[in-house]
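J.: have a look at this fold, sequence not included:
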């Protein structure tokens, strides 16, 4: 499933948005058990078949941890604001903040080109936390979309992407309108329905981007059921609150022991899956993940996260470390099992912990699917899970964790 198909489901008339993304993908089908949200369900149903695409380059990894480098980006910082650090990839350089009715969370996804944080709203309901089928169908629980109960909040899926210097191209925003907000260059645009450029624009789909430092841009994407809110003025209030913090190396609850030749890490999720799937399931209780691709992809000219761009990754794989309740396969304590993919060359392998509560999955679904199953299994068997996946103190900085 491509991202635009997910957004079509989120913003369309069917099914009701009181459900999780899995329920949307399943067209409102009642769940037999508690399910985790996912961008797509693949055949026998792996954890996820994320539609990851785009263009960004991956630097060479070293075993050195990202240090607290405070060298400033070119260009003077705002008065009273510390300069932004020139940090290593897979490093967080800002934290959550409030801006009126909008609330930026701490970033949970980080790549070679950007960091992403969920954005919540006092006036909206965000569907990034799984619920049971009964909870989803309870009248007024989260607001039925086709016939919402009186006073129900409209749904919102919003996220802030903070790009590294040179990664974002504001000129590439179709029909973007240049503005100035809080003394910063900015661009705003209304996005097409389903984020599909072949569709007409949808008033509830907005992009607002601004230059937070010289040649470095941040962008908030807002997919709202209410065409009027958040408004561009609401989104513009995020400008003043974005400030540098850290840098802090992103931790992962696993280390990698084997990676096939030529594959390099592209993006990770901390307490989340990698990429926009991690943002869509931000409160699902997942532990972490990573996406690798071959060859390295460029880190410039982006107008959206990799997942939003068609035809980018031709060959890659995902690593997911999650509670077994996030899997569509029943737990098999201590077992290792591989499954064929929905597409030729795809597939995934699961390894459950001895008690069956944690599952490691390596999947080539949705990212080219060129690795044979034997290679997916070898990657999975080389992964070492942290002593306590629930305790971040036992995790490993991403730059160390991702390099065999």
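T.: Yep, it's here. All values reported here derive from a predicted model rather than from experimental measurement.
J.: which strand runs longest in the protein?
T.: Across the chain, the strand with the greatest residue count (assigned by DSSP state E) is strand 201-213.
J.: any weak-confidence spans in the stretch 51-200 of the chain?
T.: 51-82, 131-150 (pLDDT under 70).
J.: make it 90
T.: 51-83, 85-86, 127-152, 193-199 (pLDDT under 90).
J.: that one: helices as residue ranges?
T.: 133-137 (DSSP state H, counting those that start in this stretch).
J.: just to revisit the earlier point, partner strands of the next helix or strand after the longest strand of the chain, parallel or antiparallel?
T.: As assigned by DSSP states H and E, the chain's next helix or strand after strand 201-213 is strand 216-224. Partners of strand 216-224 in the sheet, by DSSP bridges, are strand 156-163 (antiparallel), strand 201-213 (antiparallel).
J.: measure stretch 234-250 end to end?
T.: 29 Å (CA to CA, to the nearest Å).
J.: off-centre distance for it?
T.: 17 Å (CA atoms, centre = their mean, to the nearest Å).
J.: quick one: buried residues of it?
T.: By neighbour count with 16 or more other CB atoms under 10 Å, stretch 234-250 contains the buried residues 234-239, 242-244, 246-250. C-beta coordinates here come from the backbone N, C-alpha and C atoms, glycine included.
J.: closest to residue 200 out of the residues you listed?
T.: residue 235 (21.0 Å; CB to CB).
J.: who's residue 187 bridged to?
T.: residue 178, residue 209.
J.: I'd say it and residue 178 touch.
T.: Yes - between residue 187 and residue 178 there is a contact under CB atoms under 8 Å: 5.7 Å.
J.: can you give me the distance of the residue nearest to the spatial centre of the chain to residue 121?
T.: With distances taken as CA atoms, centre = their mean, residue 276 lies nearest the centre of the chain, 2.5 Å away. Taking CB to CB, to the nearest Å as the measure, residue 276 falls 18 Å from residue 121.
J.: just give me the neighbour total for residue 403.
T.: 16 (other CB atoms under 10 Å).
J.: so residue 362 bridges to which residues?
T.: Under DSSP bridges, the beta-bridge partners of residue 362 are residue 319, residue 349.
J.: now do it, the pLDDT please.
T.: pLDDT for residue 362: 97.
J.: the one 4 residues further on now?
T.: The pLDDT attached to residue 366 in the predicted structure is 81.
J.: mind checking the SS state of it?
T.: coil (DSSP: H, G, I helix; E, B strand; the rest coil).
J.: against residue 378, how distant is it?
T.: Applying CB to CB to residue 366 and residue 378 gives a distance of 20 Å.
J.: so for those two, which sits in the more crowded spot?
T.: The neighbour comparison of residue 366 against residue 378 (other CB under 10 Å) goes to residue 366, with 29 against 17.
J.: look up how far residue 303 lies from residue 258.
T.: Residue 258 is 35 Å from residue 303, by CB to CB.
J.: and those two? which has more neighbours close in?
T.: residue 303 (22 against 12).
J.: find the nearest non-adjacent residue to the more buried one, please.
T.: residue 172 (4.3 Å; CB to CB, 6 or more residues apart in numbering).
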